[in-house]
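Asks: Sequence and predicted structure below; questions after.
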Amino acid sequence: MLYETAEHRKKGIQAILDVLDGPRSVILATHLNADGDGAGSQAAVSSWLRSQGIEAWIVNPTPFPPSFAWLLEDESWVLDPRDPDTARVCDQADLLLVLDTGEVPRIGRVNALVKHLPKAVVDHHPLGDQPFEGPDFRDTTAAAAGELLFDLIAATDGPWTRSVVEGLYVAILTDTGSFAFANSTPNAFRVMGQLVELGANAEAIHRRCYGSIPERKLRLVARCLRTLEVDEQGTTAWMVVPPEDFEAVGAELEDLEGLADYPRSIEGGEVAILFRTTDDGSTKISFRSNGKVDVNAVARSLGGGGHVRAAGALIPKPVSEVMPEAVAAVRSAVAALAPGERVVAVGD
């Protein structure tokens, strides 16, 4: 390969390889509501570990996204955390490997099943307040966890199975917004080039990720757009996912992916917010920034976190109570921008 792993990543790679030298059964977990990076990374790592004779089981706090199930080498490797058999598998495992998140609360109900296990992390998010302890491979300059895992797997020369190649490709493709976001670094492009050389079909994968969506999602988008609001400056926009509409169209959690991009696309906008009600009545907030506002800082002020341009928070209150506080926090962050930093909305 012409690609060379960055020097500053080699210590983290070795830390993960060392901790994997010995375990015969590994639990793979990622964050709540796994996205393309989390799911793609799990598909890739499960295949890679299994090819080396290590049992790898995917145990997530929320269901593995059906839209990414095609990446899995074997769907039977995905276990339901509510199943008693899953508890037995976790009891007998040797290691928990957490992908695409580094904070304990982000794996939700899975944490109770794996508290006894040694832990390791591969992640590209900023370090939070409740990190997992143990060996880690963290680098916030990576476009996705999948980019770091490419370096990890390249250090062992593969094997480059279909699930490894396509899983890592999807991880990077989706976390860069199909290379529309600022994390579309030269290194991310280099890794994607290597994955194409290894057999990734760019056109076919892009179509599966972006060119084919279920009718229910479009109907959900139409209903959510009715809730769209924009502040008087035109810099902050927000939408709500009405629970009754979510149920009426038969939507699934994976259908929420990308919804926040609609208010973010408003001309002159700085930050978009998406609110939805969870099963227990709490409010899940998704923040998306067009670049100038650090929504990770906003989310952390509300008990959440994430990236500079994409972050979230979960608050145990109804949307009606959470919305004013969240919108005010975003507007305050926008107002704090230097005069020359803010994009002036049409009509200002």
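Replies: Great, that's in hand.

Asks: Give me the sheet partners of the worst-scoring helix or strand of the chain on mean pLDDT and which way each runs.
Replies: Lowest by mean pLDDT, DSSP states H and E among the helices and strands of the chain is strand 305-306, with a mean of 85. Next to strand 305-306 in the sheet, as set by DSSP bridges, lie strand 310-315 (antiparallel).

Asks: Could you export the strand it pairs with as PDB, CA atoms only?
Replies: Output of strand 310-315 as PDB, limited to C-alpha atoms (Å, rounded to 0.1, in the frame of the first residue of the first chain):
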ATOM      1  CA  ALA A 310     -22.600  17.900  15.400                       C
ATOM      2  CA  ALA A 311     -23.600  17.300  19.000                       C
ATOM      3  CA  GLY A 312     -26.500  16.200  21.100                       C
ATOM      4  CA  ALA A 313     -28.100  16.000  24.500                       C
ATOM      5  CA  LEU A 314     -30.700  13.900  26.300                       C
ATOM      6  CA  ILE A 315     -32.700  15.800  28.900                       C
END
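
Asks: Now tell me what touches that strand from outside.
Replies: Contact partners of strand 310-315, identified using CB atoms under 8 Å, 6 or more residues apart in numbering, comprise 278, 282-289, 295-296, 298-300, 302-306, 322, 326. Yep, even glycine has a C-beta here, placed from its N, CA and C like the rest.

Asks: doesn't residue 161 make contact with residue 51?
Replies: Yes - look at residue 51 against residue 161 with CB atoms under 8 Å: they come within range, at 6.3 Å.

Asks: residues contacting the closest residue to residue 30 other than its chain neighbours?
Replies: Among residues not flanking residue 30 along the chain, residue 38 sits closest, at 3.5 Å (CB to CB, 6 or more residues apart in numbering). Applying CB under 8 Å, 6+ apart to residue 38 gives the contacts 30-31, 60, 99-101, 145, 171.

Asks: and residue 38, what element?
Replies: If you go by DSSP states H and E, residue 38 is part of helix 36-50.

Asks: and residue 230, backbone torsions?
Replies: Here is the backbone geometry of residue 230 (degrees, to the nearest 10): phi -130, psi 140.

Asks: count of residues packed around it?
Replies: Per other CB atoms under 10 Å, the neighbour tally for residue 230 reads 16.

Asks: ditto for residue 322
Replies: 21.

Asks: what's the answer for residue 180, then?
Replies: Residue 180 has 8 neighbours, counted by other CB under 10 Å.

Asks: Confirm it sits in a helix?
Replies: No - per DSSP: H, G, I helix; E, B strand; the rest coil, residue 180 lies outside any helix segment and is coil.

Asks: Contacts only, for residue 291.
Replies: Contact analysis of residue 291 by CB under 8 Å, 6+ apart lists 182, 309.

Asks: would it count as being in a strand?
Replies: No - according to three-state DSSP, residue 291 belongs to no strand; its state is coil.

Asks: shift numbering so it begins at 391
Replies: All set: I'll call the first residue 391, so the last point we hit is now residue 681.

Asks: And it, how far from residue 455?
Replies: Distance, residue 681 to residue 455, using CB to CB, to the nearest Å: 27 Å.

Asks: Ok, residue 543 next?
Replies: 22 Å.

Asks: Repeat that for residue 563.
Replies: For residue 563, the distance to residue 455 equals 14 Å [CB to CB].

Asks: Neighbour count: these two, which is higher?
Replies: Neighbours were counted for residue 563 and for residue 455 using other CB under 10 Å; residue 563 has more, 27 against 21.

Asks: my guess is that one contacts residue 599, does it?
Replies: Yes - assessed by CB under 8 Å, residue 563 is found in contact with residue 599 at 6.2 Å.

Asks: what is in contact with the two at once?
Replies: Residues touching both residue 563 and residue 599 (CB under 8 Å, 6+ apart) are residue 426.

Asks: For the chain, which residues score under the pLDDT cut-off?
Replies: Scanning the chain for pLDDT under 70 picks out the ranges 391-392, 728-738.

Asks: quick one, helices of this protein?
Replies: For the chain, applying DSSP state H gives helices covering 400-409, 426-440, 474-482, 500-504, 535-544, 552-565, 576-587, 592-600, 605-615, 633-638, 651-654, 685-691, 709-725.

Asks: What are the contacting residues of the fifth one?
Replies: Same thing as helix 535-544. In this structure, residues lying in contact with helix 535-544 by CB under 8 Å, 6+ apart are 391, 393, 395-396, 399, 402-403, 406-407, 427-428, 430-431, 434-435, 438, 489-490, 512-514, 527, 529, 532, 550, 554, 557-562, 565, 577-578, 581, 584-585.
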